[in-house]
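[1] Need coordinates for the following:
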Amino acid sequence: MNIRHRSCIRLVNAQFYGWHGVHAEERRLGGKYEVDAELIFDTRKAAETDDITQTVNYQQAYETIRAIMTGKPVALIETLAFVIAESLMEELTLIDSITVRVRKRSLPLGGLCDYAEAEHHIEKA
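    Next up, the predicted model:
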């Protein structure tokens, strides 16, 4: 029987304060952001051996996300989601696919809205 194992590690609602945004006021005052990262890969070796070196290091994933979210300001949450996804795919070579969601709170919309969210997905060919 031909079976393909795929599992997922999720980092959910990692919270950061950043200075991103299109408007000068957003970059001056900063705001709250939340990030979800869904890392899909084959965890069979790690599960069979109980060996941490055979799985994705989610501490490393978190540190990469933190560095991007608290680093150089960008205008768009789409850019943040893209850069995080690209960086994690490059650094964590066991990953087969990744989905990153970046949420921005305190939107300058002139009305009520919980958040805006951008999502980026990458799969190995």
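[2] Which positions in stretch 4-20 come out as buried?
    Going by neighbour count (16 or more other Cβ atoms under 10 Å), the buried part of stretch 4-20 is 9, 11, 14, 16, 18, 20. C-beta: built from backbone N, CA, C; applies to glycine.
[3] Restricted to helices, list those.
    Counting by DSSP state H, no part of the buried residues of stretch 4-20 is found in helices.
[4] got a markdown table for those residues, with distance to Val74 and pLDDT too?
    Output for those, formatted as a markdown table (distance: Cβ to Cβ, whole Å; pLDDT from 0 to 100):
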| residue | distance to Val74 | pLDDT |
| --- | --- | --- |
| Ile9 | 26 | 95 |
| Leu11 | 20 | 98 |
| Ala14 | 17 | 98 |
| Phe16 | 13 | 97 |
| Gly18 | 9 | 95 |
| His20 | 5 | 95 |
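[5] List just the nearest of those to Glu78.
    Using Cβ to Cβ, His20 comes nearest to Glu78 of the buried residues of stretch 4-20, at 10.8 Å.
[6] Can you tell me how far the closest one is from Arg103?
    12 Å (Cβ to Cβ, to the nearest Å).
[7] what's the answer for Tyr115, then?
    Applying Cβ to Cβ, the value for Tyr115 to Arg103 is 4 Å.
[8] Which one of those two is surrounded by more residues?
    Arg103 (19 against 14; other Cβ atoms under 10 Å).
[9] Give me the phi and psi for the more buried one.
    Backbone torsions of Arg103, given as degrees, to the nearest 10, read phi -110, psi 140.
[10] part of a helix, is Ala61?
    Yes: under DSSP: H, G, I helix; E, B strand; the rest coil, Ala61 falls within a helix.
[11] on that earlier part again, tell me, what's touching Tyr115 and Arg103 both at once?
    Glu34 (Cβ atoms under 8 Å, 6 or more residues apart in numbering).
[12] circling back: what residues do His20 and Arg103 have in common as contacts?
    Residues touching both His20 and Arg103 by Cβ under 8 Å, 6+ apart: 33, 77.
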